[in-house]
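J.: what shape does this take:
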Amino acid sequence: MTFNSLPFFALFVITYLLVKVLQTNEIKLWVLLIASYVFYSYWDVRFLLLMLLMEYVSYLAAIKIELNRKKAKKYLGSSVAFSLFILSLFKYFGFFLQQIEMLMGKNALHWRIVLPIGISFYTFQCISYVVDVYRGEIKARKKFRDVSLYISFFPQLVAGPIIRAKDFLPQIDSDLTLTGENLSEGIQIFLWGLFKKAVVADRLAVCVDAVWASPKAYSSLSIWCAAISYSLQILCDFSGYSDMAIGIARVFGFCFPLNFDLPYISKSPKEFWKRWHISLSLWLRDYLYIPLGGNRKGNIRTYLNLLVTMLLGGLWHGANWTFIIWGVVHGIALVLNRLFGKTKNDSLKSNYVSRLKNIIKIFLTNLFVLLCWILFRSESLSDAGVVIQRMFVPSRGINYVFTWSVLFFVGSVAFYFWAYKNGGHIEYKFIDSSKTIDLYCFFLLVALIMVFGYLGSNAFIYFQF
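T.: Now for the predicted structure:
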């Protein structure tokens, strides 16, 4: 069940109306929880039981931690180990078996285990809940419903953003009142996300999928077109999903933080990870990098911590050498950034030379990120090698310059230039219904989605993770 589907629309309307007419907050929360279970079960009801098991283990461990501080570390370790074991079993077991067979000189079988959708995301929320209770940042919840709703809340369940318990749980303690303002803002955020997904990302996927299916058949120009298209596709696909999730949550009275902040305006790899998939970056920082020692134990240890964090961040995305190398390369870039990038940031409103330096930094950062996306998109290292080789070694082949790719690239450059001139950050802007121009803009957005929305693909890229 995807956000841009009729079954979801029906579930959303029914859930909204029930929450709207019900009186007590307790019943409203149960309705949201049941709706979340229905939403997840639509893909495969069997994996609902797995998610419930992981939620219950986290719920029980948190209570044990709070009741018995002497054994708190034991309960924490057991809970985290259990969550990681389940994640590894489904996501990495087949990959590791394949590597062992290759090392033994056997013909490696393609081990295929069905991956429960969203398991990477709700595993991280299970872990963060127990860790936060252990650290004393939040109190353990006595009601399993509260913990389960936090972990399985349907807007962000399968692809984030990764929400912290300390941000979510206080919001269910007060009465959920469905206001007209939240409805209006939520719909606007949702439609902006739907535009990025259906109009931009899904149309660019046509070019990307065609070229990546047989890169040797396409010319260097076509490869560059597809690579740039993918960098825009993955941004609009994933940030579009995040916007849609944030918008749906806002309709029900929940405030989720922004998950993307103009990442392609970054002047360094470090800044990129402060703007891209912010909830994951912060999770890796708070629950992996800092516990490893962060930057508190000398430079060598700091560099090692960065590499380990990004390697595991790459592995989190999938059991494939392309993801592992992708994470390692980003880790190396962060180390180099720390070694040589300690100069004072140039102001966005400084002199001409400083502005030119910033533009060069943005260009080089985007080139690096684009090359890394080739690893991310490719099925194997050899496929990635072919794409990169044909990008930099003039090659003949099919000249396929997708019109939509050119249009969206020019539009993106113009939009980022405007954002650069206006401070380099983004926030949700809402229409003023009393202003005619605002209403025109709203209906124009709806019209663009209806006219140009691509219906050939509905799957979100991050559903595979």
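J.: residue contacts, residue 463?
T.: By CB atoms under 8 Å, 6 or more residues apart in numbering, the contact set of residue 463 is 117-118, 158-159. Using the backbone N, CA and C atoms, a C-beta is placed for each residue, glycine as well.
J.: and residue 393, how many residues sit next to it?
T.: By the other CB atoms under 10 Å criterion, the neighbourhood of residue 393 contains 8 residues.
J.: and residue 17, by the same measure?
T.: Summarising burial for residue 17: neighbours were counted as other CB under 10 Å, giving 12.
J.: any idea which helix or strand carries it?
T.: For residue 17, the host element (DSSP states H and E) is helix 6-21.
J.: list of residues touching that helix?
T.: Residues beyond helix 6-21 that count as contacts (CB under 8 Å, 6+ apart) turn out to be 1-2, 28, 31-32, 35, 38-39, 42, 176, 178, 248, 251-252.
J.: next, the distance between the ends of stretch 137-157.
T.: The distance separating the two terminal residues of stretch 137-157, taken as CA to CA, to the nearest Å, comes to 23 Å.
J.: kindly report the same for stretch 57-76.
T.: Where stretch 57-76 starts and where it finishes are 11 Å apart, if you go by CA to CA.
J.: residues of that stretch that come out buried?
T.: 57-66, 72, 75-76 (16 or more other CB atoms under 10 Å).
J.: average pLDDT for the helix holding residue 17?
T.: With pLDDT averaged residue by residue, helix 6-21 scores 94.
J.: ok, now stretch 94-114?
T.: With pLDDT averaged residue by residue, stretch 94-114 scores 71.
J.: straight-line length of it, end to end?
T.: End-to-end distance of stretch 94-114: 10 Å, with CA to CA as the criterion.
J.: per-domain residue ranges of this structure.
T.: Split into domains by automatic domain parsing, the chain comes to 6-178, 182-267+345-464.
J.: quick check: residue 173 vs residue 16, distance?
T.: According to CB to CB, to the nearest Å, residue 173 stands 21 Å off from residue 16.
J.: neighbour count for these two, which is higher?
T.: Neighbours of residue 173 and residue 16, each counted by other CB under 10 Å, are more numerous for residue 16; the result is 17 against 9.
J.: from residue 223, how far out is that one?
T.: Where residue 223 is concerned, residue 16 sits at a distance of 46 Å (CB to CB).
J.: on that earlier part again, and the helix holding residue 17, how far out from the chain's middle?
T.: 25 Å (CA atoms, centre = their mean, to the nearest Å).
J.: can you give me the buried ones in the helix or strand immediately after that helix in the chain?
T.: From helix 6-21 onward toward the C-terminus, using DSSP H and E, the following helix or strand is helix 25-41. Taking 16+ other CB under 10 Å as the basis for neighbour counts, the residues of helix 25-41 that come out buried are 28-29, 31-33, 35-40.
J.: go on, stretch 180-192?
T.: Buried residues in stretch 180-192, counting neighbours by 16+ other CB under 10 Å, are found at 182-192.
J.: out of those, which are inside helices?
T.: The helices in this structure, assigned by DSSP state H, contain 182-192 from these.
J.: now the helices for the stretch 151-300 of the chain?
T.: In chain order, the stretch 151-300 of the chain shows helices spanning 165-173, 180-194, 202-213, 220-251, 269-275, 278-284, 290-292, 299-317, with DSSP state H, counting those that start in this stretch as the criterion.
J.: contact partners of the first one?
T.: By CB under 8 Å, 6+ apart, the residues outside helix 165-173 that reach it are 25, 29, 125, 128-129, 132, 137-138, 141, 146, 149-150, 153, 253-255, 257.
J.: so among these, which ones count as buried?
T.: For the contacts of helix 165-173, a burial check counting by 16+ other CB under 10 Å picks out 29, 125, 128-129, 132, 138, 141, 146, 149-150, 153, 253-254.
J.: columns distance to residue 387 and pLDDT on top of the residues you listed, output as CSV?
T.: CSV is the format used below for those (distance: CB to CB, whole Å; pLDDT from 0 to 100):
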residue, distance to residue 387, pLDDT
29, 48, 96
125, 35, 95
128, 36, 95
129, 40, 97
132, 41, 96
138, 45, 94
141, 48, 95
146, 47, 96
149, 43, 97
150, 41, 97
153, 38, 96
253, 45, 93
254, 41, 95
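J.: if we can go back for a sec, so which of the helices of the stretch 151-300 of the chain is the most surrounded?
T.: Mean neighbours per residue, mean count of other CB atoms under 10 Å, is largest over the helices of the stretch 151-300 of the chain for helix 220-251, with a mean of 24.
J.: distance from that helix to the middle of the chain?
T.: For helix 220-251, the separation from the chain centroid amounts to 10 Å (computed by CA atoms, centre = their mean).
J.: repeat that for stretch 115-122.
T.: In terms of CA atoms, centre = their mean, the centre of stretch 115-122 is found 12 Å from the chain centre.
J.: which residues in the stretch 351-465 of the chain form helices?
T.: Assignment of helices within the stretch 351-465 of the chain using DSSP H, counting those that start in this stretch yields the ranges 352-377, 381-392, 403-421, 436-452.
J.: the longest one: which residues count as buried?
T.: Neighbour counts over helix 352-377 (16+ other CB under 10 Å) mark 358, 361-362, 365-366, 368-377 as buried.
J.: flag the shaky bits of the stretch 301-450 of the chain, pLDDT-wise.
T.: Counting by pLDDT under 70, the ranges of the stretch 301-450 of the chain that qualify are 342-350.
J.: give me that answer again for 50
T.: Screening the stretch 301-450 of the chain residue by residue with the criterion pLDDT under 50, one finds the ranges 346, 348.
J.: I'd like the distance between residue 299 and residue 374.
T.: Plainly put, residue 299 is 31 Å away from residue 374 if you go by CB to CB.
J.: ok, now residue 175?
T.: As defined by CB to CB, residue 175 lies at a distance of 49 Å from residue 374.
J.: cool, and residue 28?
T.: When CB to CB is applied, the distance between residue 28 and residue 374 equals 46 Å.
J.: likewise for residue 392?
T.: Distance check for residue 392 against residue 374: by CB to CB, it reads 11 Å.
J.: residue nearest the centroid of this protein?
T.: Nearest to the centroid of the C-alpha atoms of the chain, with distances taken as CA atoms, centre = their mean, sits residue 277, at 5.0 Å.
J.: give me the phi and psi angles of that residue.
T.: Geometry field for residue 277 lists phi and psi as phi 40, psi 60, criterion degrees, to the nearest 10.
J.: now do it, the pLDDT please.
T.: pLDDT, residue 277: 95.
J.: please apply the same query to residue 293.
T.: Among the per-residue scores, residue 293 holds a pLDDT of 92.
J.: do you know which of the helices of the stretch 151-300 of the chain lies nearest residue 262?
T.: When the helices of the stretch 151-300 of the chain are ranked by proximity to residue 262, the top entry is helix 269-275, at 6.0 Å, counting by CB to CB.
J.: residues making contact with that closest one?
T.: Under CB under 8 Å, 6+ apart, the answer for helix 269-275 is 260-263, 265-266, 281, 330, 333-334, 337-338, 341, 365, 368-369.
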